[in-house]
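Chemist: based on what follows, work out the 3D shape:
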Amino acid sequence: MKKIKILIIIFCLLTVPMTVRAINLGFDLVKDSAEKGGYNSATNETSLAENVGFIINIILSFIGVIFTGLTVYAGVLWMTAKGEESQIEKAKKILSGSIIGLFITLAAYSITNYIIPLILTKV
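Modeler: Numbers count the residues shown, from 1 in each chain. Modelled structure (predicted):
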């Protein structure tokens, strides 16, 4: 019992959020450079490609969450089937469909994260 308590205490201590002391990456220098160059440093203008890429990333992230939820649902369905073949087959179909969908989503996400920056550098 003591070992379990000690492990729980160690786990809690290791997972407690620690303060982060971030370094200054020079964003104030960029702001000053923009002002010296005659640009408005407070602008938040984005291009159409950036907006489209942002929306695509949000949609693909949401789809990834849906497929992950379907995978968990299929696993629970399979575990609670109690030997019923119809339930097991249903769980297998959901699981295979969600895995295929997850791979397609990951591929689309990877392609998007590769192509959108290329478009942004050419615009």
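Chemist: tell me which element residue 90 is part of?
Modeler: Residue 90 is part of helix 85-122 when elements are defined by DSSP states H and E.
Chemist: so where is this structure shaky, pLDDT-wise?
Modeler: 15-31, 34, 39-46, 49, 123 (pLDDT under 70).
Chemist: check contacts around the spatially most central residue of it.
Modeler: Among the residues of the chain, the smallest C-alpha distance to the mean C-alpha position (C-alpha atoms, centre = their mean) belongs to residue 61, namely 5.8 Å. Remark: with contacts taken as C-beta atoms under 8 Å, 6 or more residues apart in numbering, residue 61 is in contact with residue 109. Quick note: C-beta positions are derived from backbone N, CA and C, even for glycine.
Chemist: over to residue 113?
Modeler: Each residue near residue 113 by C-beta under 8 Å, 6+ apart is listed here: residue 57.
Chemist: for residue 68, see how far away it is.
Modeler: Per C-beta to C-beta, to the nearest Å, residue 113 is found 19 Å from residue 68.
Chemist: kindly report the same for residue 77.
Modeler: 15 Å.
Chemist: have a look at those two and say which one is more surrounded.
Modeler: Between residue 77 and residue 68, counted using other C-beta atoms under 10 Å, the more crowded position is residue 77 (16 against 13).
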